[in-house]
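1. Output the structure for:
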Amino acid sequence: MIYFDHAATTPLDARVLERMLPYFRENYGNPSSIHRFGQKAETALEEARETIARVLHCQPQEIIFTSGGSEADNLALRGASLARRKTSGQEWILTAKTEHPAVSKTAEQLEKEYGFLLEWLDVDEFGRVTPEALGKAVCGNTALISAMYANNEIGTINPLRDLSEIARSNRIIFHTDAVQAAAYLDVDVTKLNVDLLSLGGHKFYGPKGVGALYVRAGVELIPHQTGGGQESAQRAGTHNVPYIVGLAEALKLACEERESRAAHVRPLRDQIIGQTLEAIPDSQLTGHPEERLPNHASFVFKDVDGNLLLQLLDSAGFACSSGSACKTGNPEPSEALTALGYSRAWALGSLRVTLGKDSTAEQVDSFLKILPTLVEKARALTKPH
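-> The predicted model follows:
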């Protein structure tokens, strides 16, 4: 079985597992405890915080540990919007339909249940939020802007620095979901000029169930999980020490090996894009042709049932996905593809192929040999009789 779904999750790096193991059994203390067991766990926790802060170029106290990228997004949007409305009365939230559901659904809930005003930002044909679109949408009553760094479904990279500068000049809080981006892009928050940035460990060879939120000093959040006062009273709950240690180690390795990993996957990605578009009629690349993640190829095929294609690929020994992993099994076109203007006949036939650091040229060759046949078969089976 060949795994081409690294945007959904990645296997745990053996070096990361090695760093985590002692904190399951030998050093099992609760970091909130005073005794030596607790002190050892607290030392590991704070070392992990410092490691992440070094990668992000921020202060350790600006890192809040969470249960993953989705919780980090939720805390950022809900926490910052509620705090901003409380202090200044601002209540507009700006985001795009192409965002991960952890952002878009949270924004919708803030509108529906909390009375915020929500405006969906226009995206261009590649799924980018443009500075022009953002510039038109901001107003004096804007509380928060959320624009992802790189899109999980179509691989497009947003012009983040240009967007954050608009937010900064208007004194608006700017959040970016960097969950998909952190494996291959620089997450230096000083260069990106963001106030809030979300990370999820399992996207860059760390464990599932752990993430982090960078919160620029001075940005207020209203916590959504209260209790024992952990994480500077911003996110209560006993710390998951082994996972936090794993998150930090995985992020450190992703940073150190970023260039070599990107150089490995980029030519393989380009081969998949080039040959697929050449060999398969009625096929289109989704997302930006150049400004995209180096491991990410995504397509739409006209008159193809995307889920059926995934089943055929799975039977042939290839694990891929149709857009977002969260979408599998849903018969509706994804919101991201609909936002890009694809008709139902195209949007339902989406395929996402995402490579990893251990993907090989041989695997790509065998995939490209079989894909045209399987698309043709799916097309024949999809056609109404």
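2. Gln363 is in contact with Met1, isn't it?
-> No: when contacts are counted by C-beta atoms under 8 Å, Gln363 is not listed as touching Met1 (10.6 Å). C-beta coordinates here come from the backbone N, C-alpha and C atoms, glycine included.
3. ok, these two, which is more surrounded?
-> Neighbour tally, Gln363 and Met1, criterion other C-beta atoms under 10 Å: the higher count belongs to Gln363, 17 against 7.
4. How is this structure divided into domains?
-> With domains defined by automatic domain parsing, the chain comprises 2-8+258-382, 14-256.
5. Same list, those, but as JSON lines with mean pLDDT please.
-> Below are these laid out as JSON lines (pLDDT from 0 to 100):
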{"stretch": "domain 2-8+258-382", "mean pLDDT": "93"}
{"stretch": "domain 14-256", "mean pLDDT": "97"}
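6. which residues in this structure form strands?
-> 2-3, 63-66, 92-95, 117-120, 142-146, 173-177, 196-200, 211-215, 283-285, 296-301, 318-319, 350-354 (DSSP state E).
7. Switch these over to a markdown table; also include distance to Arg128 and mean neighbour count.
-> Listed next are the strands of the chain as a markdown table, based on distance: least, C-beta to C-beta, whole Å; neighbours: other C-beta atoms under 10 Å:
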| stretch | distance to Arg128 | mean neighbour count |
| --- | --- | --- |
| strand 2-3 | 28 | 18 |
| strand 63-66 | 27 | 26 |
| strand 92-95 | 14 | 24 |
| strand 117-120 | 14 | 16 |
| strand 142-146 | 14 | 26 |
| strand 173-177 | 13 | 28 |
| strand 196-200 | 18 | 30 |
| strand 211-215 | 22 | 27 |
| strand 283-285 | 14 | 18 |
| strand 296-301 | 14 | 27 |
| strand 318-319 | 28 | 18 |
| strand 350-354 | 18 | 27 |
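8. my read: Asn295 touches His6, true?
-> Yes: here Asn295 reaches His6: they are 6.2 Å apart, a contact under C-beta under 8 Å.
9. shared neighbours of those two, anything?
-> Common contact partners of Asn295 and His6 (C-beta atoms under 8 Å, 6 or more residues apart in numbering): Ala183, Thr354, Leu355, Gly356, Ser359.
10. for these, which one is nearest Ala316?
-> Closest approach between the shared contacts of Asn295 and His6 and Ala316, by C-beta to C-beta: Ser359, at 16.6 Å.
11. How much space separates that closest one from Pro207?
-> 21 Å (C-beta to C-beta, to the nearest Å).
12. Leu75 now?
-> For Leu75, the distance to Pro207 - C-beta to C-beta - is 19 Å.
13. Look at these two and report which has more neighbours.
-> Between Leu75 and Pro207, counted using other C-beta under 10 Å, Leu75 has the larger neighbour count: 27 against 22.
14. so what's that one up against?
-> Leu75 neighbours (C-beta under 8 Å, 6+ apart): Ile64, Thr66, Leu213, Leu221, Pro223, His224, Gln225, Gln234, Arg235.
15. Among these, which one lies nearest to Leu371?
-> Among the contacts of Leu75, and counting by C-beta to C-beta, the member closest to Leu371 is Thr66, at 37.2 Å.
16. okay but the closest one is in contact with Ala72, surely?
-> Yes: Thr66 is within contact range of Ala72, at 4.6 Å (criterion: C-beta under 8 Å).
17. Between the two, which contacts overlap?
-> In contact with both Thr66 and Ala72: Gly211, Ala212, Leu213, using C-beta under 8 Å, 6+ apart.
18. who touches the first one in this structure?
-> Contacts of Gly211 were listed using C-beta under 8 Å, 6+ apart, and they are 65-72, 179, 198-201, 247.
19. beta partners of it?
-> Thr66, Gly200 (DSSP bridges).
20. Kindly report the same for Asp177.
-> Under the criterion used here (DSSP bridges), Asp177 is bridged to Ser198.
21. Quick check, it in contact with Glu71.
-> No: applying C-beta under 8 Å as the test, Asp177 and Glu71 come out as separate, 11.8 Å apart.
22. And Glu113, how close does it get to Leu82?
-> Counting by C-beta to C-beta - Glu113 and Leu82 are separated by 12 Å.
23. So if I had to pick from these two, which one is more boxed in?
-> A direct count of neighbours by other C-beta under 10 Å for Glu113 and Leu82 places Leu82 higher, at 20 against 8.
24. Do I have it right that the more buried one meets Ile222?
-> Yes: using C-beta under 8 Å, Leu82 is in contact with Ile222, at 4.3 Å.
25. quick revisit: could you dump the strands of the chain to CSV with distance to Leu268?
-> Formatted as CSV, those follow (distance: least, C-beta to C-beta, whole Å):
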stretch, distance to Leu268
strand 2-3, 12
strand 63-66, 32
strand 92-95, 32
strand 117-120, 35
strand 142-146, 32
strand 173-177, 26
strand 196-200, 24
strand 211-215, 28
strand 283-285, 15
strand 296-301, 9
strand 318-319, 14
strand 350-354, 10
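26. Just tell me which of those ends up closest to Glu47.
-> Of all these, strand 63-66 comes closest under C-beta to C-beta, at 12.0 Å.
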